[in-house]
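Enquirer: Got a predicted structure here, sequence first:
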Amino acid sequence: MPVGTIVIVTHDSGGCIGACLQALVPFRQWRVVLVDNDSKDDTVRQAQAIPLEVHTVINSHNFGFAGAVNQAVNIAEGDFVVILNPDARATAGSLDKLVEALRADTVGAAGGLLIGKDGLPQKGFTVRRFPTIGSTLAEVLLLNRIWPGNPFNVRYRCLDLDYQTAQEVDQPAGACLAVKRQAWETINGFDESFFPVWFEDVDFCRRLRDREWKIVYCPDAIFLHAGGHSVNRLPFRERQSYWYRNLLRYFRKHHSNSELAALRVAITVGLLCRALLSLLGLRPAGTSVTEALEAYWHVAWQYAIRRRDV
């Protein structure tokens with residue numbers, strides 16, 4: 001019986017899956033399950049070239065991140081599951097450290113320290129606190145762009161955290177999240193309505209905490225992480241639509257109706273500001289004025305003004 005199962009979800013991940021799996025070769029006590037969400041590149045071929053036994057599930061369409069993770073956990077073995085992004089690489093001893101943390105009776109999930117391409121900790125991403133209405137308004141109303149050091153942003157992105165100290169946290173990044181099987185089963189896994197990506201990991205951790213499971217951060221469990229390999233390939237309109245829609249879905253589940261209503265108004269105002277900035281030439285890289293305006297209008301109309309069901 002393996003210690004646990006490493007779950008990897010891929011979607012056009014051919015450029016990074018080889019390095020991810022190669023780093024797992026020394027971890028012989030773990031089962032590896034890879035779920036491919038209808039990649040159009042050579043992801044599966046690259047995975048098969050690594051000298052590692054991998055149980056591969058190939059989906060004929062994109063099940064979304066949450067759906068694919070649930071697929072993998074349904075066939076996982078062992079008492080622990082480590083959800084690992086294909087652009088993340090485990091270092092020596094990292095999985096052992098996560099398991100050590102999870103053996104505590106009250107701990108349901110754990111995350112490690114993510115190191116970026118620059119060799120530095122990915123502060124602001126590795127762990128975060130749960131979104132509040134204040135931190136979310138600061139994001140959608142562009143305050144975080146104008147004043148990154150505002151107290152809402154500092155608190156939400158844990159920029160005040162001592163990253164060298166093991167501690168209880170709200171939400172480790174879904175790029176590397178270890179979960180005790182018992183804890184997973186108490187909340188029935190990921191909510192697949194957060195399709196195809198964004199906020200499913202936040203919702204998952206929030207539900208764990210609501211069931212009184214502790215979530216911890218383990219700085220000795222080090223993973224090398226590039227980041228954003230799949231979402232950055234999405235068309236700009238889709239990235240905007242998925243992020244705002246799933247943000248509103250999260251608030252509908254975990255916040256009051258008044259906070260949800262305030263967020264819808266703030267999204268409308270924030271997108272109007274973004275549209276005006278785009279007309280002035282300050283638009284996201286790689287997008288035209290037309291693309292930016294069309295995306296902002298679509299999101300504002302569908303999810304903030306029309307209040308399409310999320």
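Expert: Received it, and whenever you're ready, just let me know what you need.
Enquirer: and the residue nearest to Leu177 when sequence neighbours are not counted, what are its bridge partners?
Expert: Distance criterion CB to CB, 6 or more residues apart in numbering; nearest residue to Leu177, sequence neighbours excluded, is Ile83 at 4.7 Å. (Each C-beta comes from the backbone N, C-alpha and C, glycine too.) Beta-bridge pairing for Ile83 (DSSP bridges): Val7, Leu177.
Enquirer: Against which helices or strands is the helix ranked longest in the chain packed?
Expert: When the chain is parsed with DSSP state H, its longest helix is helix 257-279. When contacts are defined as 3 or more CB pairs under 8 Å, 6 or more residues apart in numbering; DSSP states H and E, helix 257-279 packs onto helix 133-140, helix 236-254, helix 289-299.
Enquirer: Just put those in TSV and tack on mean neighbour count, mean pLDDT and distance to Ala90.
Expert: Output for the helices and strands packed on helix 257-279, formatted as TSV (neighbours: other CB atoms under 10 Å; pLDDT from 0 to 100; distance: least, CB to CB, whole Å):
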stretch	mean neighbour count	mean pLDDT	distance to Ala90
helix 133-140	20	98	31
helix 236-254	19	97	28
helix 289-299	18	97	36
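Enquirer: distance of the residue nearest to Leu177 from Ala68?
Expert: 10 Å (CB to CB, to the nearest Å).
Enquirer: Any regions of this protein where pLDDT drops low?
Expert: Along the chain, the model assigns pLDDT under 70 to residues 228-229, 309.
Enquirer: most centrally placed residue in it?
Expert: Gly174 (3.9 Å; CA atoms, centre = their mean).
Enquirer: Can you verify my assumption that that one contacts Val82?
Expert: No: counting by CB atoms under 8 Å, no contact exists between Gly174 and Val82, whose distance comes to 11.5 Å.
Enquirer: Report the separation between the residue nearest to Leu177 and Ala49.
Expert: In terms of CB to CB, Ile83 sits 23 Å off from Ala49.
Enquirer: neighbour-wise, which of these two wins?
Expert: Neighbours per residue (other CB atoms under 10 Å) separate Ile83 from Ala49, with Ile83 holding more: 25 against 13.
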